[in-house]
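K.L.:
Got a predicted model here, sequence first, then my questions.
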Amino acid sequence: MRQTLVLAEMHLRSTWNWRPMYLGRLIEPVAYLAFMIVGLNTSVNGITDHGQSVPYGLFAMPGIFALLGARAGIGAMTDFSNDRKWGVFAFARSANVSPGRYLVSLVLAALPMCYIQCLLVTILAVLVIPGTPVLTVSAVACLVVPLIVAAWICLGAALGAAIQSYSQRDMVASLTTLPLILSAPLFFSMDGAPIYLKVLSWINPLTYQVDFLRGLVLGRLQLVDAVICLAILVVSAALGLILLHKAEWLTVER
Amino acid sequence: MVPPRGSNSAALLSAEHVSKRYSNDVLALDDFCLTINPGEIVGLIGPNGAGKSTVLNVLGGFLHPTGGTVTTATNRIGWCPQQTVVDWSLTALENAVLVARLFGANRRQALAQAEQALDLLGLHAVATTQAEELSGGQLQRIQIARAICFNASLLLLDEPTTGLDVEGQIALWTYLNVRRDAGVGILVSSHDLDALERSCDRFLILRHGHIVMTSSVAQLTGSDDEATTLRQAYLSTGEEDR
């Protein structure tokens, strides 16, 4: 556990040292909420969710929480490919840090940023989205969002295990981020979407995670959503563990 | 009678018939065998592209071998690669402290050990400077500091003196000799044959991924052949290439 905390602290130091770069990531969800959702909320009266009409702001706000997960996944992919290039993963593995403990260190290091973002989003939602259930949203932010972030960090690190160079890393990040976010019903409903978009949304874990989050916020919790999200977490963790275990400790990129 | 260096204890590292083929199908290492004992410095010599870096990375476990086995009796391996492998987002001191802490030192010990290593390598003035702002030579010295900032039992050093000034080279070789006398096993690759000859107990000459000669200093100087210096021995193994 000590080594896990050492690695988590190192990742936090790294974030702090390069804080100007991370500032954009920190304010992104706030910007989505303050500008996009608030803007659309004034022009869209309501949206249908599971056959029920709900205010657009309340529909879209859980999408911000799901977005945090996807962003954390991309971040983990970047962090892990950097750690393999910079020798951090090599030294950690050489010092007997298991892939599992390395993954936990990534999650621990991501949590402070996640909680700050959740806090900002919750405060802003209460201020600008009428009818926001403060206690429910706070509980979701504290207890559920970190699990979704953890699942995406495992998936991101698993993807990072296959990356051998900066150019590959940048290409994968560019090609996956927007399709991942826009092929799930984070900010709009998929009910009337064309078939290709529906198919993509079915295979996108974000679809099930945002459905679960939305169910909690709108008070229509379904057990099946919780089970699916838990299954996504377990599968992601297993995938992360297997691929990190198989990954070479070092990329050979010069 | 004093036993010869490095031959009186169980091996720290044993490589048997190791090969490494990269994903681009280049066979960088073939049928490589080596044992490193406590208290010896083994020199690894070869032209650029001979596979020296691959040897050090595979022996340390940092790259998977394609064939053969590598067995190590310790996980306390200090590793200094040839390519720049430092965390650009951390300072010089943080890079060294991280490694010392991963290998068991508490926060205070790690700080002391890291500062000592940085001082030895003349990095005191830039200890709190981020790696991205340092020169190539300073980055190389950070890598050496990371290898020596904890009590490693085995040191794998890939051209560690590259980028060091003369004082730095002398300080490093003095340090390595002290660590050798303390029982540390060391594998070091370098193009500085004179320095290797002065400090190493054994040599391996590598060409095209193959070991073409292994020798101890005693064998070299006691040989009846014409090759009586490391330089001559090295050049004699490359005659086919010329």
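P.N.:
Yep, that arrived. Bear in mind the structure is a predicted one, so any value in this text is a computation, not a measurement.
K.L.:
any low-confidence regions in the chain?
P.N.:
Let's take chain A. Applying pLDDT under 70 to chain A picks out residues A:253-254.
K.L.:
Chain B, not that one
P.N.:
Where chain B drops to pLDDT under 70, the residues are B:1-9, B:221-227, B:239-242.
K.L.:
Quick test: name the residue nearest the centre of chain B.
P.N.:
B:L157 (1.9 Å; C-alpha atoms, centre = their mean).
K.L.:
typo on my end, chain A
P.N.:
A:G69 (0.9 Å).
K.L.:
and the helix or strand hosting that residue, what other elements does it pack with?
P.N.:
Element membership for A:G69 (DSSP states H and E) is helix A:56-85. Packing partners of helix A:56-85 (3 or more C-beta pairs under 8 Å, 6 or more residues apart in numbering or on different chains; DSSP states H and E): helix A:19-31, helix A:38-43, strand A:47-49, helix A:88-94, helix A:99-128, helix A:145-160, helix A:166-182, helix A:205-218. Placement of C-beta: from N, CA and C, glycine included.
K.L.:
Measure how it sits relative to helix A:19-31, angle-wise.
P.N.:
With axes from the mean of the first three to the mean of the last three C-alpha atoms, to 10 degrees defining the directions, helix A:56-85 sits at 160 degrees from helix A:19-31.
K.L.:
Report the contact partners of residue 32.
P.N.:
You didn't say which chain, so I picked chain A. By C-beta atoms under 8 Å, 6 or more residues apart in numbering or on different chains, A:Y32 lies in contact with A:I64, A:L67, A:F187.
K.L.:
Not quite, go with chain B.
P.N.:
Shown in contact with B:F32 (C-beta under 8 Å, 6+ apart): B:A15, B:H17, B:V18, B:S19, B:G51, B:V55, B:G68, B:G209, B:H210, B:I211.
K.L.:
which residues in chain B form helices?
P.N.:
B:52-59, B:92-102, B:107-120, B:136-148, B:166-181, B:193-199, B:217-221, B:230-237 (DSSP state H).
K.L.:
Indicate which one of these is closest to chain A.
P.N.:
Distance to chain A, taken as C-beta to the nearest C-beta, is lowest for helix B:92-102 among the helices of chain B, at 4.1 Å.
K.L.:
Just the CA trace of the closest one, in PDB.
P.N.:
Extracted in PDB, the C-alpha atoms of helix B:92-102 (Å, rounded to 0.1, in the frame of the first residue of the first chain):
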ATOM      1  CA  ALA B  92      15.500  16.300 -10.700                       C
ATOM      2  CA  LEU B  93      15.100  15.700  -7.000                       C
ATOM      3  CA  GLU B  94      11.600  14.300  -7.300                       C
ATOM      4  CA  ASN B  95      12.700  11.900 -10.000                       C
ATOM      5  CA  ALA B  96      15.400  10.500  -7.600                       C
ATOM      6  CA  VAL B  97      13.200  10.600  -4.500                       C
ATOM      7  CA  LEU B  98      10.400   8.600  -6.300                       C
ATOM      8  CA  VAL B  99      12.800   5.700  -7.000                       C
ATOM      9  CA  ALA B 100      14.300   5.700  -3.600                       C
ATOM     10  CA  ARG B 101      10.800   5.600  -2.000                       C
ATOM     11  CA  LEU B 102       9.600   2.900  -4.300                       C
END
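K.L.:
Now tell me what touches that helix from outside.
P.N.:
The contact list for helix B:92-102 (C-beta under 8 Å, 6+ apart) reads A:3, A:6-7, A:10, A:13, A:88, A:91-92, A:95, A:97, B:86-87, B:90, B:107, B:109-111, B:113-115, B:117-118, B:123, B:126-129, B:131, B:134, B:138, B:142, B:145-146, B:149-150.
K.L.:
Enumerate every residue touching B:S216.
P.N.:
B:S216 neighbours (C-beta under 8 Å, 6+ apart): B:D201, B:R202, B:F203.
K.L.:
Okay, and which of the residues you listed map to strands?
P.N.:
Of the positions in the contacts of B:S216, B:R202, B:F203 sit in strands, assigned by DSSP state E.
K.L.:
Out of the contacts of B:S216, which comes closest to B:D192?
P.N.:
B:F203 (12.6 Å; C-beta to C-beta).
K.L.:
Mind listing the residues bridging to that closest one?
P.N.:
B:G43, B:S215 (DSSP bridges).
K.L.:
which residues does it contact?
P.N.:
Applying C-beta under 8 Å, 6+ apart, the residues near B:F203 are B:42-45, B:196, B:213-217, B:220, B:230, B:233.
K.L.:
For the residues you listed, pick the one with the most neighbours.
P.N.:
B:L44 (28 neighbours; other C-beta atoms under 10 Å in any protein chain shown).
K.L.:
list the contacts for the closest residue to B:G209 other than its chain neighbours?
P.N.:
Spatial nearest neighbour of B:G209, excluding adjacent residues (C-beta to C-beta, 6 or more residues apart in numbering or on different chains): B:G51 at 4.2 Å. B:G51 makes contact with B:K20, B:A28, B:L29, B:F32, B:L206, B:H208, B:G209, according to C-beta under 8 Å, 6+ apart.
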